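Asker: what's the 3D shape of this:
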Amino acid sequence: MAKQVAVLGGTGAVGSLFIPIALERGHKLTVLARTPGKLKVQHENLTVVQGDATKLEDIQKVVQSDTDILISAVGNTKGNPVMMEEMARHLLEIKPKRAAIISSLGMNGSSPTIRCILSCIGGSEVVNDLDACDMLLCGNPGITVIRPDGLCDKSGHGKYKATLKTGMGMGYLPRADV
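Answerer: Sure thing, here's the model as predicted:
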């Protein structure tokens with residue numbers, strides 16, 4: 001059954017892989033993009049709206065009463081130290097029926113060693129922003145937070161591995177499999 005899907009972060013690494021798959025499966029997508037020209041897909045079931053996922057009024061343009069699910073593949077960018085937190089606050093205000101939030105870094109529950117390593121890679125502002133996003137969204141009914149580790153650009157193989165005990169996979173995961 002075709003779903004009405006709102007997409008944030010559709011021009012990024014994960015979002016740009018998600019869009020053609022969702023369209024191929026017959027879903028109708030409304031994508032919010034800061035730079036719509038980056039979206040290389042054209043389809044009769046695709047509507048692109050220019051806007052910013054940190055602005056409530058822009059998110060409201062793509063999440064309508066008929067939206068079945070919101071997919072956010074927004075990733076933190078340097079220059080906005082509270083981007084993910086702002087987006088999370090807006091999602092809680094909008095209250096979509098269902099939402100899946102996907103990005104490779106999630107801090108909530110990470111060990112101090114992992115937090116230190118990720119701070120060195122992405123900067124402490126990014127770590128703090130993602131931590132705030134996770135703390136706001138985790139545990140909310142209808143919202144699933146997906147934080148795959150080791151994302152890479154290799155060809156997908158249709159599998160996502162995670163252990164039952166920890167929920168964490170080991171090694172690299174192609175973005176196409178997310």
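
Asker: The residue nearest to residue 143 when sequence neighbours are not counted and residue 121: what is the separation?
Answerer: Once flanking residues are discounted, residue 143 sits nearest to residue 99: 4.7 Å by Cβ to Cβ, 6 or more residues apart in numbering. Quick note: C-beta positions are derived from backbone N, CA and C, even for glycine. The span separating residue 99 from residue 121 equals 27 Å under the rule Cβ to Cβ, to the nearest Å.

Asker: Quick check: mean pLDDT of the biggest helix by length in the chain?
Answerer: Longest helix in the chain by number of residues, with DSSP state H as the criterion: helix 124-137. Mean pLDDT, taken over the full extent of helix 124-137, equals 83.

Asker: low-confidence ranges in this structure?
Answerer: Low-confidence segments of the chain, defined by pLDDT under 70, span residues 77-78, 104-111, 114, 147-153, 156-178.

Asker: before we move on, the earlier item: okay, residue 99 and residue 121: which has more neighbours?
Answerer: Ranked by neighbour count (other Cβ atoms under 10 Å), residue 99 and residue 121 place residue 99 first, with 23 against 10.

Asker: so who does that one touch?
Answerer: For residue 99, the contacting residues are 69, 70, 71, 72, 91, 142, 143, 144, taking Cβ atoms under 8 Å, 6 or more residues apart in numbering as the criterion.

Asker: try it again with 7 Å
Answerer: The contact partners of residue 99, by Cβ atoms under 7 Å, 6 or more residues apart in numbering, come to 69, 70, 72, 91, 142, 143.

Asker: Which ones among the residues you listed lie within helices?
Answerer: Residues of those located in helices (DSSP H): residue 91.

Asker: can you give me the helices in this protein?
Answerer: With DSSP H as the definition, the chain shows helices at residue ranges 15-24, 56-62, 83-94, 112-122, 124-137.

Asker: okay if I get these as a markdown table plus distance to residue 155?
Answerer: Shown next, in a markdown table, are the helices of the chain (distance: least, Cβ to Cβ, whole Å):
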| stretch | distance to residue 155 |
| --- | --- |
| helix 15-24 | 11 |
| helix 56-62 | 30 |
| helix 83-94 | 28 |
| helix 112-122 | 25 |
| helix 124-137 | 27 |
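
Asker: of these, which approaches residue 45 most closely?
Answerer: For those, distance to residue 45 was read as Cβ to Cβ. The smallest value, 5.8 Å, belongs to helix 15-24.

Asker: Now do the closest one: everything it contacts.
Answerer: With Cβ under 7 Å, 6+ apart as the test, helix 15-24 has contacts from 5, 7, 9-10, 29, 31, 41, 43, 45-46, 71, 73, 175-176.
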